[in-house]
Structures are given as C-alpha cells and as structure tokens.
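Q: Fold the stuff below for me.
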Amino acid sequence: MSIIDVVILVLGLVLAALGIAQLATGKNIIGGFARRQVGTPVFFRAFGAMYAFLGLLIALNAFQGPFGKTGHLVLTIVAGMGILVSGTWALVHFARNRTAGGNRP
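A: Numbers count the residues shown, from 1 in each chain. Next up, the predicted model:
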C-alpha cells in the first residue's frame, strides 16, 4: 500500500465521518450553504447519507483489504447503490420542499 493509497483511504474515511455526522444531526456540515440552512433536516440527512456512502466508496477503491475481489465488488456495488438511493431521496425531498426552493402546491 503506497502513501497515495493511504491518503485516499484517510480522505474517504473523513468524508464518510462528516456524512455520518450530518446524517445524525440533520444540519448542514458539508457543502457551500453551511451558514444558510436552506433545506429541512430530512434533506440534510439524505444528503449526509449520500456523502457517507461516497466516502466509503472512495475508501474502498484505495483499500481492497481482506475482502477479496468478489467481496470488494459487492461492497462497491452496495456503496454505489447507497449513493444513488440517498441522492434520489435528497433530490425528491429538495424538489418537494418549498423552503428549499421547490414547487409544492
């Protein structure tokens, strides 16, 4: 494992930890609107879950570990699906919420 792999692993785990913290608190920790709470806690939790899965996906690409090729592939697919589901959940909630700029009747 080279130094670049270690740096990528650490940065992925830090991003995952920030995403988990945002998921737990429901407040915007990651992103450009940290001063303005534009959305609702549910939106920020979904967005945090997306960042947590993204951080795990980045960390998995740097470290194959004891999982083997098949286990690494399964974990990569699970993390990718987590990003898609959480991102879709955040997008739908953002689009339906009027205070976040959406257009709900």
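
Q: mind listing the strands for the protein?
A: Remark: no strands are assigned in the chain by DSSP state E.

Q: Nearest residue to the middle of it?
A: Geometric centre of the chain, nearest residue: residue 51, 1.4 Å, by CA atoms, centre = their mean.

Q: So, low pLDDT: which residues of the chain?
A: Scanning the chain for pLDDT under 70 picks out the ranges 30-39, 98-105.

Q: What residue, apart from its backbone neighbours, is nearest residue 64 spatially?
A: Excluding the flanking residues, the one nearest residue 64 by CB to CB, 6 or more residues apart in numbering is residue 72, at 5.1 Å. C-beta: built from backbone N, CA, C; applies to glycine.

Q: what about that neighbour, neighbour count?
A: 16 (other CB atoms under 10 Å).

Q: from memory the residue nearest to the centre of the chain sits against residue 14, does it?
A: No: Residue 51 lies out of contact with residue 14 (CB atoms under 8 Å); the separation is 10.6 Å.

Q: got a list of contacts for stretch 13-23?
A: By CB atoms under 8 Å, 6 or more residues apart in numbering, the residues outside stretch 13-23 that reach it are 28-30, 44-45, 47-56, 58-59.

Q: redo that, cut-off 6 Å
A: By CB atoms under 6 Å, 6 or more residues apart in numbering, the surrounding residues in contact with stretch 13-23 are 29, 30, 44, 45, 48, 49, 51, 52, 55, 56, 59.

Q: which of these sit farthest apart?
A: 44 and 59 (22.1 Å; CB to CB).

Q: could the contacts of stretch 13-23 be laid out in CSV, adding distance to residue 82?
A: Below are those laid out as CSV (distance: CB to CB, whole Å):
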residue, distance to residue 82
29, 18
30, 16
44, 17
45, 13
48, 12
49, 7
51, 11
52, 8
55, 11
56, 8
59, 13
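
Q: Let me see the ranges of the helices in this protein.
A: Per DSSP state H, the chain carries helices over the ranges 3-25, 41-62, 68-96.
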